Structures are given as C-alpha cells and as structure tokens.
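K.L.:
here is a sequence with its predicted model. Questions after.
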Amino acid sequence: MCVPERVLTNDDLAAILETSDEWIKARTGIKERRIADEGETAAVLGVRAARRALEITDILPHQVDLIVVATSTPENIFPSTASMIQHWLGASKAGAFDLSAACSGFVYGLDMAAQAIKSGSIDTAIVIGTETMSRVMNWQDRSTCILFGDGAGAVVLQAGERKAGVLSTVLRSDGSGFDLLGIPALGSPEIRSKDGLHERRLHKMYMSGGEVFKFATRVIKSSVLESLHKSHVKLSDVKLIVPHQANKRIIQAAARSLNMDEDRFVTNLERYGNTSAASIPIALVEALEEGRVNDGDYIVLIGFGGGLTWASSVIRWVIPHPEGRVVNRYREQRRRAGYALVSLRTRWKRWLKALQRLNPFARFRPEDFDDPDEFDDYYDVS
Ligand code: UT7
C-alpha cells in the first residue's frame, strides 16, 4: 500500500469550510485523510503500492502477466494508468488495463484477474486500487469533500496448488442510480448546474450522500451472504470482513444486519477517509500487516459505490511466507536494478531530446510539438 504523507485533519477542513471535527467524526467516523502532492498521481501511488506487493511476494516484474488498475481518477482517458505502472515496474510481459467501477472497482478487478488465472490463460497478476480523490473534489461542497482521501493498495495473485485465493464473487450493478454519484468526463452530454451545492462540473465529483447511504446499507448484507453461499463458506467461519471505507455508520449497520461483532470488520477510515477503489486493498494490507489474517483464513471483501455498483468476494488467504519473510536477496536486487534501469532509460531519452534541440540542422524542432518525455519530469516515482 501507499498513502501520501500530507495529512488533512478535520480541523484543517473546518478552517476553510462551515464544518467541524465533531460533526465529521460523529457522522462519518473520519478524523483525517491523506492528500497527494503535485507529482503524486494515481499511477505514482499505484506503482509504489505494486512495488511493495512484489517485494512482499518476492515476485519479479517480468513474471507478471496482467496488471489491472481500478481507479476513478486516472491521469488520462488513455493511455491507462495501468500502462504507466507497467512501464515503471518494468513488467515487460504484462498486459495492462484500467477498470471503471468506482468504489467497487478493486473487487471487480480481483475477480477479472482471478478468473483469468483459473482459466489458465495467465499465471500471475497484480490488482491495484489507486485514487487521487482530492483532485476531483468540489472543495465548496462540505457534504462530500470531507469524506474523501488519496492512496493506493495492491495485491499479487498467482496460480497455485492449494484451494485458495478468490473462491467466489458476486458482481452487481444498478445503473438506474447512475446520477447519485459521479465525476462527469469529456463524453458527458451537458454539464449543468442542478443546484448551487450539487453542481455537475467537469472532472468534479457530485454525490447525493443520503441516497447512497441508504443504497449501501441495503446491499451489503445480501451481497455478503450470496458470495458466502456460492463458495459454501459459513459466515461463522469468516475471520474478517473488509468493507469499502465510506462511513463508520454504514459499517456498523452492516455488522448489525449480519449479527456480527464490529471488531470482525476492518476499519481504518478514521485515518484515511474514503479512498474509493483504494480503500479495500489499503484496509486489507493493514489487516495483514497487523497480523489479523493467518494462513488459510477466510475473509470477505465488500465494495459499493458509483454506477451504482456493488461487489463482494470470499477469499481464502494464503500467506506467501507463513514462517516469516524469506525474500531472496538476489531477486530483491534484480527488482531494484530493473526499476533503476527504467529510470535511467527515461533520463537517457530526455538527454537525447535535449541534444536534438541543440542540433541546428534538425529537420523538426521537437519543442514545436508536445514533448511526452517531459511528463516524466512531473511524476514522482521515488
Ligand atoms: O464511496 C461511495 C459511497 N459513498 C457513501 O457511501 C457515502 C454515503 N453517505 C454518507 O456517508 C452520508 O450521507 C454523509 C456523510 C455524506 C452525510 O451524512 P448525513 O448524516 O446523511 O447528513 P445529511 O446529508 O442528512 O445532512 C444533515 C445536516 C444538513 O443540515 P440541515 O439540512 O439538517 O440543516 C447538512 O447541511 O448536516 C449538514 N451537513 C454538514 N454539517 C457540517 C452536511 N455536511 C456537513 C458538514 N459539516 N461537513
């Protein structure tokens, strides 16, 4: 996982908006969120999370066959954020694509990757949820901007002998609620102001919070039970539920409706807010790091959000190195050398371009055109 260092507290928000720490904590459970710096885009946060996942699983980038990125805040319509991450990882044999299913995107992506592995078409995949929600907030809309934050989480999936990994998934959509939350993009027919507050602005998020709240509390229970039924796993055998981190009250309502103790639900929204497609993988990675998941445990992921979409997965978790981390030093060095090589190649291209500019006989003047290499100066892939 990777979250930006910059912290925005509720008090910081109260200084610029008509809100308060008490209101935000009581209505959402959120205390603070992380905000990306200028050079930290969805691809930058995503590649950092992916490198960490490869390190923990001790897999080399060239072993990766597929990179799926769930995001609502990509840098471009195309090329995909996934392709940028593929390049920076040096995953030279991987296909890469972005997936749009809002806050359910990570669970959707996990299912796509798991199915590709099960079919035998690929062996190893990385699924990433990454967002820079702070860039699409309407910072005047206090009912929405207080909720979201930035971050990324990644997992590696690999074919194996044990009956483990993604056991079942339930994917759903109800497009009749398409106008309850969203981020209008270029293809939007008309950007109209509905009312002063929930103005529909290009590349800015709008949400009817109350409606989405009701939808979320309605679908969680049935979706979790359906995915458990499909995998023949009993609710009592589930070690942890990792829900999308939208609102503490939604998670409490889910625990009540499933008749489960709240401490079996992973929550970290008090520190990161709602990071959309990144919230489930970030919460999952933190649960792993805290030792809350053991080898062979059943866990359930449940996502819900724009579309409307919702999705739940039952997973039997297999820890790559249950007896402790046994990362091969040689492979670790190879990964690092690969990343250094990508960065060197980028610099080399930049020097060549600079040299070309000095050549008075050059037929074309590169500075007359958009210079794609300059993008590399912007992104902070450290
Ligand atoms: O990731 C996608 C999924 N997203 C979600 O699941 C979000 C779901 N929705 C929510 O979490 C909640 O609906 C919100 C947190 C967005 C809003 O909480 P609420 O308890 O539903 O509040 P509300 O919208 O009913 O507003 C109650 C009052 C209103 O004032 P009046 O009309 O009663 O005078 C709002 O204007 O609270 C006011 N209010 C605020 N007050 C202080 C709304 N936002 C704020 C604020 N600070 N930030």
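P.N.:
Right, received. Where do you want to start?
K.L.:
can you check the pLDDT for the closest residue to the ligand within the stretch 201-350 of the chain?
P.N.:
As assessed by Cβ to the nearest ligand atom, the ligand sits closest to residue 209 within the stretch 201-350 of the chain, at 2.7 Å. For every residue, glycine as well, the C-beta is placed using N, CA and C. Residue 209 is assigned 95 on the pLDDT scale.
K.L.:
report the buried residues of the longest helix along the chain.
P.N.:
When the chain is parsed with DSSP state H, its longest helix is helix 329-358. For helix 329-358, the buried set under the neighbour-count rule, 16 or more other Cβ atoms under 10 Å, comprises 335, 338-339, 342, 346.
K.L.:
which stretch of helix or strand covers residue 157?
P.N.:
strand 150-158 (DSSP states H and E).
K.L.:
packing partners of that strand?
P.N.:
Applying 3 or more Cβ pairs under 8 Å, 6 or more residues apart in numbering; DSSP states H and E, we find strand 150-158 packed against strand 32-34, helix 42-57, helix 105-118, strand 124-132, helix 279-289.
K.L.:
show me where the stretch 101-250 of the chain has strands.
P.N.:
Using DSSP state E, counting those that start in this stretch, the strands of the stretch 101-250 of the chain run over 124-132, 150-158, 165-173, 181-182, 206-207, 238-243.
K.L.:
report the angle between the longest helix of the chain and helix 42-57.
P.N.:
150 degrees (axes from the mean of the first three to the mean of the last three Cα atoms, to 10 degrees).
K.L.:
from residue 292, how far out is the residue most central in space within the chain?
P.N.:
With distances taken as Cα atoms, centre = their mean, residue 129 lies nearest the centre of the chain, 1.7 Å away. According to Cβ to Cβ, to the nearest Å, residue 129 stands 19 Å off from residue 292.
K.L.:
hmm, back to that, highest average neighbour count across the strands of the stretch 101-250 of the chain?
P.N.:
strand 124-132 (a mean of 31; mean count of other Cβ atoms under 10 Å).
K.L.:
please see if it touches the ligand.
P.N.:
No - Strand 124-132 lies apart from the ligand when judged by Cβ under 6 Å from any ligand atom; the minimum separation is 10.2 Å.
K.L.:
now do stretch 266-280
P.N.:
Yes - counting by Cβ under 6 Å from any ligand atom, the ligand is contacted by stretch 266-280 at 274, 276.
K.L.:
for stretch 97-113, same thing?
P.N.:
Yes - for stretch 97-113, a contact with the ligand is found by Cβ under 6 Å from any ligand atom, at residue 103.
K.L.:
am I right that residue 261 is in contact with residue 251?
P.N.:
No - Residue 261 is beyond contact range of residue 251, at 12.0 Å (criterion: Cβ atoms under 8 Å).
K.L.:
thinking again about what came up before, so which of the strands of the stretch 101-250 of the chain is nearest residue 65?
P.N.:
Nearest to residue 65 among those is strand 124-132 (5.4 Å), distances taken as Cβ to Cβ.
K.L.:
what strands line up against the closest one, and which way round?
P.N.:
strand 66-70 (parallel), strand 150-158 (antiparallel) (DSSP bridges).
K.L.:
thinking again about what came up before, quick one, what contacts the residue of the stretch 201-350 of the chain closest to the ligand?
P.N.:
143-144, 147 (Cβ atoms under 8 Å, 6 or more residues apart in numbering).
K.L.:
and it, how far from residue 52?
P.N.:
Relative to residue 52, and taking Cβ to Cβ, residue 209 is found at 33 Å.
K.L.:
again with residue 247
P.N.:
Applying Cβ to Cβ to residue 247 and residue 52 gives a distance of 28 Å.
K.L.:
which one's more surrounded, the two?
P.N.:
residue 247 (22 against 16; other Cβ atoms under 10 Å).
K.L.:
I'd say the more buried one and residue 269 touch.
P.N.:
Yes - in this structure residue 247 lies within contact range of residue 269 using Cβ under 8 Å: 7.4 Å.
K.L.:
what do these two both touch?
P.N.:
Joint contacts of residue 247 and residue 269 (Cβ under 8 Å, 6+ apart) are 28-29.
K.L.:
get me the contact residues on the stretch 251-382 of the chain for the ligand.
P.N.:
Neighbours of the ligand within the stretch 251-382 of the chain, by Cβ under 6 Å from any ligand atom: 274, 276, 305.
K.L.:
what angle sits between the helix or strand hosting residue 299 and strand 165-173?
P.N.:
Assigned by DSSP H and E, residue 299 falls within strand 298-305. In terms of direction (the same axes, to 10 degrees), strand 298-305 departs from strand 165-173 by 20 degrees.
K.L.:
what pairs with strand 298-305, and is each one parallel or antiparallel?
P.N.:
strand 238-243 (parallel), strand 309-316 (antiparallel).
K.L.:
pLDDT weak spots in the chain?
P.N.:
189-199, 320-326, 360-378 (pLDDT under 70).
K.L.:
right, I'll call it a day here.
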